[in-house]
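Peer 1: got a sequence here, can you model it:
(one chain, ligands or ions: 1)
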Amino acid sequence: MLCNDCPRECNIDRNSTIGYCGAGENIIIAKVIENFMWEEPCISGNKGALAIFFSGCNLRCEFCQNYKISHKIIGKEYTPQGFYELLMSYQLSKFSCIDLITPTHFSSKIIEALNGKSLPIPIVWNSSGYEKPEMIEKLSKIVNVFMPDLKYFSSQISSKYSKAENYFDFASKSIKKMKELKPINIFDKEGILQSGLIIRHLVLPNSVKDSIKVLNFIKENIKDPFISIMSQFTPYNNSSIKRKLYPLEYKAVLSYAEKIGLNNGYKQEYSSSDENFIPNF
Ligand code: SF4
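Peer 2: Below is the predicted model:
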């Protein structure tokens with residue numbers, strides 16, 4: 001079958017051709033980290049997540065902190081059945097959730113793997129937001145928590161950093177669909193999110209105005225939003241941005257969020273821009 005699973009719409013047979021995401025037919029996992037603590041408190045909790053880092057990516061931002069695995073394909077290959085067996089080989093009660101990190105380009109295979117299966121901990125879809133609303137609809141049958149980024153508002157900026165002029169168009173529609181499908185956030189007694197939506201936004205250097213437009217979209221379109229505003233930008237890989245975020249830039253975005261009443265969620269300590277927070281591949 002030809003792959004048009006994401007907004008890139010490569011229209012290629014992944015059995016014989018490689019599309020923009022770099023992935024073939026099977027799921028490729030670069031790394032699994034047990035008890036992963038570097039997500040938001042309602043995701044990591046006290047136990048930490050079972051973090052599954054997929055290889056390849058359909059967005060491939062030039063500054064990606066995980067570029068060693070997202071811009072190339074490394075790791076082990078799994079069929080859908082093999083992927084399910086891998087998850088079941090862990091004692092899942094030891095973790096807060098299963099954190100699927102950059103999974104979009106394997107959406108169809110992950111649905112095939114997990115459809116109809118009942119898992120004892122939530123499945124978290126930790127994505128770039130560059131997805132199709134119709135795929136989100138299919139994913140909602142297997143995903144408990146959607147945790148997309150909403151990275152950019154401007155098509156010029158998304159084009160420059162991610163070669164995706166239509167990023168906001170798809171991400172905004174997909175996030176609205178996620179909210180429609182998971183309208184209420186449900187937490188367990190330990191504060192771990194069992195079902196719902198968290199929208200992440202990483203503030204970029206020189207992009208405060210774009211961040212403000214992103215926040216305005218959220219305020220106007222998502223009822224009772226739960227958001228995570230992040231400061232951890234680090235100029236990795238071929239980043240044309242050569243510096244970290246200034247504290248004043250982050251503060252300006254946080255102040256604006258507060259001013260318009262977006263105060264349900266998380267902000268980061270400014271020191272999170274330290275490289276120590278980035279898992280080593
Ligand atoms: S998932 Fe990969 S191959 Fe399929 S359309 Fe997206 S980028 Fe292209």
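
Peer 1: quick one: distance of the helix or strand containing residue 257 to the chain centre.
Peer 2: Using DSSP states H and E, residue 257 falls within helix 247-259. Its chain's C-alpha centre and that of helix 247-259 lie 22 Å apart, by Cα atoms, centre = their mean, to the nearest Å.

Peer 1: same question, stretch 166-181
Peer 2: With Cα atoms, centre = their mean, you get 13 Å for stretch 166-181.

Peer 1: so which bits of that stretch are buried?
Peer 2: Counting neighbours by 16 or more other Cβ atoms under 10 Å, one finds that the buried residues in stretch 166-181 are 167-168, 170-175, 177-179, 181. Bear in mind the C-beta positions are built from the backbone N, C-alpha and C, glycine included.

Peer 1: adding pLDDT, write the residues you listed out as JSON lines.
Peer 2: As requested, those are exported to JSON lines (pLDDT from 0 to 100):
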{"residue": "167", "pLDDT": "98"}
{"residue": "168", "pLDDT": "98"}
{"residue": "170", "pLDDT": "98"}
{"residue": "171", "pLDDT": "98"}
{"residue": "172", "pLDDT": "98"}
{"residue": "173", "pLDDT": "98"}
{"residue": "174", "pLDDT": "98"}
{"residue": "175", "pLDDT": "98"}
{"residue": "177", "pLDDT": "98"}
{"residue": "178", "pLDDT": "98"}
{"residue": "179", "pLDDT": "98"}
{"residue": "181", "pLDDT": "98"}
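
Peer 1: if we can go back for a sec, helices and strands around the helix holding residue 257, which ones?
Peer 2: Under the contact criterion of 3 or more Cβ pairs under 8 Å, 6 or more residues apart in numbering; DSSP states H and E, helix 247-259 touches helix 208-221, strand 227-230.

Peer 1: which residues touch stretch 261-270?
Peer 2: Stretch 261-270 has contacts (Cβ atoms under 8 Å, 6 or more residues apart in numbering) with 40-41, 198, 215, 218-219, 224-232, 247, 250, 254, 257.

Peer 1: again with stretch 167-179
Peer 2: Contacts of stretch 167-179 (Cβ under 8 Å, 6+ apart): 7, 59, 128-133, 135-137, 140, 146, 148-155, 158, 197, 199, 217, 221-223.

Peer 1: mind running it again at 6 Å?
Peer 2: Here stretch 167-179 makes contact (Cβ atoms under 6 Å, 6 or more residues apart in numbering) with 7, 129-131, 133, 136, 146, 148, 150, 152-153, 158, 197, 222.

Peer 1: just give me the closest of the residues you listed to the ligand.
Peer 2: Ranked by distance to the ligand (Cβ to the nearest ligand atom), the contacts of stretch 167-179 are led by residue 7 at 7.3 Å.

Peer 1: quick one: that closest one is in a helix?
Peer 2: No - read with DSSP: H, G, I helix; E, B strand; the rest coil, residue 7 is coil and lies in no helix.

Peer 1: tell me which of the contacts of stretch 167-179 fall in helices.
Peer 2: Using DSSP state H, the subset of these located in helices is 133, 136, 158.

Peer 1: quick check: the last one touching residue 149?
Peer 2: No - using Cβ atoms under 6 Å, residue 158 is not in contact with residue 149; the gap is 11.3 Å.

Peer 1: what about whichever residue of the stretch 101-250 of the chain sits closest to the ligand, neighbour count?
Peer 2: At 3.9 Å from the ligand, residue 105 is the closest residue in the stretch 101-250 of the chain, using Cβ to the nearest ligand atom. Residue 105 has 31 neighbouring residues, counting by other Cβ atoms under 10 Å.

Peer 1: thinking again about what came up before, and which of the ones in helices among the contacts of stretch 167-179 is nearest residue 70?
Peer 2: Proximity of the ones in helices among the contacts of stretch 167-179 to residue 70 (Cβ to Cβ) peaks at residue 158, which lies at 16.3 Å.

Peer 1: how about the closest one, what does it touch?
Peer 2: Residues near residue 158 by Cβ under 6 Å, 6+ apart: 152, 164, 167.
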